[in-house]
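Undergrad: generate coordinates for the sequence data below:
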Amino acid sequence: MGHRVLVVDDDPTVSDVVRRYLEQAGCEVQLAADGADGLAAIAAQRPDLVVLDLMMPGIDGLEVCRRIRRQLPDLPVVMLTALGEEADRVLGLEVGADDYVTKPFSPRELVLRIRSVLRRTAAQTAHPSVSAKLTDAALTVDTARRVATMGGAPLSLTAREIDLLIFFMRHPGRAWSRSDLLDKVWGWQFGDQSTVTVHVRRLREKIENDPADPQRIRTVWGVGYRYDPLDEEAGQ
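TA: Predicted structure coming up:
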């Protein structure tokens, strides 16, 4: 893959296994033993992706992710969570993780998830859309720079939120199921559909005037979601 990956985990056995598999996949890997060290490593030399354990002493994974999102909203984060703790997984997505893998996990699965996140991020950067800018009323997305603004003010969107917004804006008026969105946006053939639900909720909070009564990203009961531009000419 040729990417720099930071692994933040207080379990040295887990960190070593993840490091070895990522290095075999061609990554340059840096390890951090806790949240404070992880934040320092990010500040010193920004990695291409962070693998972040949820449960750590001191600054836990949730707080680390929150700080990353405030400072580097487009830095991909894959979170490691406990098996069966759905509330923790959802909370990880809520604070801005792009993906998660549950412990105990297959190192090969983790590498595949990391590949997926990095591949989509790299593809968006290297191959922007034919139309560099997507506009819907006050909402504008520069797909080449992967920057979204509302009324000229920048929106703090994660890499996955940008992916989702660009997909919606490119396909207005069509209803998409959660499994469709997992496939088209995440590149997963299967997975936890709550991932889509959480990302849609986060995106609504950032682009809707009233997230409780969304006018752009509408719920289509029994199907999934549909993007309805406020600007009637936006999808033409």
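
Undergrad: got a list of contacts for the longest helix seen in the chain?
TA: Using DSSP state H to define each element, the chain has its longest helix at helix 107-126. Helix 107-126 is contacted from outside by 1, 3, 5, 17-18, 20-22, 25, 27, 48-49, 51, 74, 76, 78, 98-99, 101, 143, 146, 159-160, 162-163, 166, 186-188, using C-beta atoms under 8 Å, 6 or more residues apart in numbering. Where C-beta positions appear, they are placed from N, C-alpha and C, glycine not excepted.

Undergrad: from these, which land in strands?
TA: The members of the contacts of helix 107-126 that map onto strands under DSSP state E are 5, 49, 51, 78, 99, 101.

Undergrad: what is the nearest of those residues to residue 57?
TA: residue 51 (17.8 Å; C-beta to C-beta).

Undergrad: what's the neighbour count on the closest one?
TA: The local packing of residue 51 (other C-beta atoms under 10 Å) involves 29 other residues.

Undergrad: and what of residue 55?
TA: By the criterion of other C-beta under 10 Å, residue 55 has 16 neighbours.

Undergrad: please, which helix or strand holds it?
TA: Using DSSP states H and E, residue 55 maps to neither a helix nor a strand.

Undergrad: and it, what does it touch?
TA: By C-beta under 8 Å, 6+ apart, the contact list for residue 55 reads 61, 82.

Undergrad: tell me the pLDDT of it.
TA: Per-residue pLDDT puts residue 55 at 88.

Undergrad: show the pLDDT at residue 17.
TA: pLDDT at residue 17 comes out at 93.

Undergrad: mind listing what's buried in the lowest-mean-pLDDT helix or strand in the chain?
TA: Lowest on mean pLDDT, DSSP states H and E among the helices and strands of the chain sits helix 86-94, with a mean of 75. Using 16 or more other C-beta atoms under 10 Å as the test for burial, helix 86-94 gives 88, 89, 90, 91, 92, 93.

Undergrad: residue ranges with poor pLDDT in this structure?
TA: For the chain, the stretches with pLDDT under 70 are 1, 83-86, 121-131, 189-191, 232-236.
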